[in-house]
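**Student:** Here's my sequence, what's the structure:
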Amino acid sequence: MPSFVEDYTLLQREYMLQEVVMFPKKKNYLFTEMFKETTSSSNIVTWPIIFNHGGMAKHISQGGDPHPVSGLSVGKAREEVSYKKESYTIDSNELKWRSMPGKPGMAESANQYIQDSKVSLIDRLDARVEWECINAMRGTFKFKTVDGYERTVDYGVPASNLVDLTDGGGANVWSTTTVDIVGMLQDWKKLIRGAVNPVLYVPPQVNEYLLANTAILALLTPEQKQYTLQNGELGIKVNGITIKVYEASYLAAHPTSNDGTQLPADETDFMADNEVFLIGQSADSKPLYQRVIAACVEASPDGDTIVPQRFSFLEKLRKDKFQIVTGEYSLPIIKNPYSIVHAKVAADS
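**Tutor:** Numbers count the residues shown, from 1 in each chain. Purely as a prediction, here's the structure:
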């Protein structure tokens, strides 16, 4: 007699491991996209802190010895990955009832139940990865495990590149249409070193300030103003800076009222209403931002060797209970901390 797992191809380990890797990432998770995926054979990640510039070559006399040059690395960072692993219980009776013979569509219902369970776990994992990447860009990545262990990863972003305008007075209030946003962006662009073509990521609220700013509007041609009105974003660069509106969010856990009633889940934005990120791009093919995935036995088809990828597999709890386990052991890394400016802007209360 076929086993429970053989009855449902969607639960076979090899299939699940392939699918969890191929599963499409959310298109609006811009920070996950920014951190290029790479792998490690260890759970300890070491990376160089670099600047992507190194001056110019020296002249020498004919027949002279070569001039010694130190490497571009100015230091190394070493951190343990963060461990993300969750499970969802599958009731074998539920599947059997859904796939009873003689009931049209019930087999599809059982497979959909399995698929929906996996998708929910993957969605949660993707949301946590995006949260990690955006927190890394804030300069310090802090988190607490479910058993209360706290960790902090400091990426060494200099204090000059962490700008706080919330207490700066009227001259820094971005909701005022005459404030000098163009000048501030110019100053921040000068803080970026070893990177090119910076992109400003803003939440919808800050985007409204930009679209209402008189100095920025004065830069627009009639055609660009029309584009801005139609698309809700600027049709030009400002001081050579591309501006992108970031709207990604996730559903928080369902809150519960005092009487135990489950309330609708809240939509939670990854980016605060008053923060912006100015992020430089690599001047060559070497990525400045990476997400390192550690090898683990959970990602192995045979459950013995270690494979560097995210994982999803079925685990038997008892005769009538199985659980789908999904996760990854990874860490976002920043190789050039001078390529980022993170700012909190002020607005009229």
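
**Student:** low-scoring pLDDT stretches of the protein, where are they?
**Tutor:** 1-15, 51-54, 71-73, 99-108, 168, 254-255, 260, 262-265, 303, 349 (pLDDT under 70).

**Student:** Mind naming the longest helix for it?
**Tutor:** Longest helix in the chain, counting residues (DSSP state H): helix 106-137.

**Student:** And the next helix or strand past that one?
**Tutor:** Using DSSP states H and E, the next helix or strand after helix 106-137 towards the C-terminus is strand 140-144.

**Student:** Name every strand pairing with that next one and say which way it goes.
**Tutor:** Partner strands for strand 140-144, per DSSP bridges, with pairing direction: strand 150-154 (antiparallel).

**Student:** The strand it pairs with: which residues count as buried?
**Tutor:** residue 153 (16 or more other CB atoms under 10 Å). Any C-beta I mention is one placed from the backbone N, CA and C, and that applies to glycine too.

**Student:** Output that strand as CSV - backbone C-alpha positions only.
**Tutor:** In CSV, the C-alpha atoms belonging to strand 150-154 read as follows (Å, rounded to 0.1, in the frame of the first residue of the first chain):
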residue,chain,number,x,y,z
GLU,A,150,19.2,39.0,21.4
ARG,A,151,21.7,39.8,18.7
THR,A,152,23.0,42.9,17.1
VAL,A,153,24.9,43.1,13.8
ASP,A,154,26.6,46.5,13.3
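
**Student:** Now do the following helix or strand past it: which elements does it pack against?
**Tutor:** Beyond strand 150-154 on the C-terminal side, the first helix or strand identified by DSSP H and E is strand 162-164. Judged by 3 or more CB pairs under 8 Å, 6 or more residues apart in numbering; DSSP states H and E, the packing partners of strand 162-164 are strand 340-344.

**Student:** From the contact counts, what lies against the strand it packs on?
**Tutor:** strand 162-164, helix 181-191, strand 275-281.

**Student:** Listing partners with orientation, what would you give for that strand?
**Tutor:** With DSSP bridges as the test, strand 340-344 is paired with strand 162-164 (parallel), strand 275-281 (antiparallel).
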